[in-house]
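how would this look folded up:
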Amino acid sequence: MVWALAFVACRSAAPIASAPDPAAEGTAARPSILFVVLDTVRADALGAYGNPLPVSPQFDQVAAAGTLYVDATAPASWTWPAHASLFTGLYPWEHGAHFATSEAHALHPDGEKFAVSPMRTDVPTLAGQLSSAGYRTVCVTTNPLLAPALGLVRGFESATVFPEDKDTLKAALAAIADPDPRPLFLFVNFFGAHSPWNLTSAPWVKADEPLLSATPTPAWLRPFVETGYPFVHPYMQKGKQPSGGFQYMRGDLDIPPEGLAIFRDLYLGEVNLVDTALTFLIRGWNAAGHQHDLVAVTADHGDLLGERRIIGHGRVLWPEVLHVPLALVWSGRIPGGVRVRTPVQNHWLYGTLLAAAGIHAADARQLPSSDADKTDGVIRAAEWRDAYWGKDIGGPFLKSYRYYRKNDDAVIVGVDEAGAEAVALYDVRADPNFEHDRALDAPQLAAQLADDARASVPLTGRTDGVAVDPATAAQLHALGYAQ
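Alright, predicted model coming up:
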């Protein structure tokens, strides 16, 4: 991703309009909508959420000009179910897209099957409804799981996967510049923060280069690098040896604290490049006259960078993968400079964006505009057992999980194949990183919330698989989704 390195140190964030547009007052014109997913970007990676490093000047500018949701939770912790929720407004157990859990549907070397169940085809999608309402709907992405053949991007009149974020950015700018008179719904997924992590010119990454280039390569680093390649890859396999990430998660490889710090630095360097792409996207949006249209920026999920002895995402439901950034800007319509602390879920964007376009979606939740807009305080998420990681790593990946939160109390309920459960209870405000399990201290509360989780987060699911082509199969293998 060398394309943006020259801009990291010297760029400035593109301005975001926060004052009302006099020309728009009193009109019923539907806004064009820019919906950006910063794939794999956890909230605490960004300045608006407290990161002191200068990682995200553009996102921080968006947050300052609009409404920032401080406590936003994704309904799942990896691309497949999380994007299906963003596109349907439904939870994974409702739209059906999640791990299939059965090895019978594992992805084989010839690319026949991928161990996930498909998104239901009988539910309306965000793009489909906007298209029916007269919008030009365009999806550009670097994430291979959003390939049209896999079904998540149903409803877009144009949907394309590109090899790198620079190509996705170029296509997004072309879509913005298209003179088509219809209002535009442009969905953009920037994938750069997902591993492998490239070396960048971010100053905190430059400071790590002596150790990364040390001769001989430290033993803990060898499974993650190849001579002459400027990246660290958690899922790179060398011969028949498990990848470094798998070795670490199985307990066969120890990474020193300074090594995990380097991994976080590399990740933040990639997040910085993604924020650079966002800068150029916002500049193009503004230059095309969309300063007073609607911009939504979120992430599908976060990433574990060695915490809890896990590298990656999906399959578990910890704050590192569920707490996501979320900001909305719509000059004159959405308050600027507002920080909403009420707990929300980012797939409520579905109802929010449809409402902005004048489309009523029955039963679709909308994001509150301020803390004065009361919600029921309930937040939910789920992940199904991944047969692949469960077999090859074990440990936490042998279970499926329910996440249920009511106001400041949250439970994570893990259930194995035999139906045995483990319940952990956390105080979200006092312990936002979920480091202290209170289930033994407050057994009645834990039991009540676990009952609520079982009742409202069903883990029954489909068992049919999703067919993928060999090229996509190879990409999913390299990203750690398949073996």
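
residue 421: neighbour count?
By other C-beta atoms under 10 Å, 14 other residues sit near residue 421. (Glycine included, C-beta is placed from N, CA and C.)

phi, psi for the nearest residue to it once chain neighbours are set aside please.
In this structure, residue 421 finds its nearest non-sequential neighbour in residue 415, 5.0 Å apart by C-beta to C-beta, 6 or more residues apart in numbering. Main-chain dihedrals, residue 415, degrees, to the nearest 10: phi -130, psi 130.

is it correct that residue 415 is in contact with residue 460?
No. Checked against C-beta atoms under 8 Å, the pair residue 415 and residue 460 is beyond contact range at 11.7 Å.

circling back: the residue nearest to residue 421 pairs with what?
With DSSP bridges as the criterion, residue 415 is bridged to residue 400, residue 421.

quick one: the residue nearest to residue 436 when sequence neighbours are not counted from residue 34, how far?
Leaving aside its sequence neighbours, residue 436 sits nearest to residue 426 (C-beta to C-beta, 6+ apart; 7.1 Å). Per C-beta to C-beta, to the nearest Å, residue 426 is found 35 Å from residue 34.

how about residue 145?
Distance, residue 145 to residue 34, using C-beta to C-beta: 21 Å.

which of these two has more neighbours?
More crowded of residue 145 and residue 34, by other C-beta under 10 Å: residue 145, with 28 against 23.

not counting sequence-adjacent ones, nearest residue to the more buried one?
Per C-beta to C-beta, 6+ apart, closest to residue 145 is residue 79, 4.6 Å.

which residues does residue 69 form beta bridges with?
Beta-bridge partners for residue 69, by DSSP bridges, are residue 340.

in which helix or strand does the nearest residue to residue 234 once chain neighbours are set aside reside?
In space, and not counting its chain neighbours, residue 234 is closest to residue 245: 3.4 Å by C-beta to C-beta, 6+ apart. Residue 245 belongs to helix 244-250 when assigned by DSSP states H and E.

name the residues that touch that helix?
Helix 244-250 is touched from outside by 222-224, 233-236, 241-242, 253-255, 306, 309-312, 392-395, 480, with contacts defined as C-beta atoms under 8 Å, 6 or more residues apart in numbering.

related to what we said a few turns ago, more neighbours: which of residue 415 and residue 460?
Each of residue 415 and residue 460 has its neighbours counted (other C-beta under 10 Å); residue 415 has more, 17 against 5.

so what's the more buried one up against?
399-402, 421-422, 459.

now these: which count as buried?
Buried residues within these, counting neighbours by 16 or more other C-beta atoms under 10 Å: 399-402, 459.

which of those residues sits closest to residue 320?
residue 401 (14.0 Å; C-beta to C-beta).

what's the first-to-last distance across stretch 204-224?
For stretch 204-224, the separation between the terminal residues is 19 Å (C-alpha to C-alpha, to the nearest Å).

er, stretch 338-349 actually
Stretch 338-349 has an end-to-end distance of 17 Å (C-alpha to C-alpha).

check stretch 199-207 too.
First residue to last in stretch 199-207 (C-alpha to C-alpha) measures 11 Å.

I figured residue 331 was touching residue 290, is that so?
No. With contact defined as C-beta under 8 Å, residue 331 does not count as touching residue 290 (10.1 Å).

output the lowest mean pLDDT helix or strand found in this structure.
Lowest mean confidence among the helices and strands of the chain (mean pLDDT, DSSP states H and E): helix 5-8, at a mean of 33.
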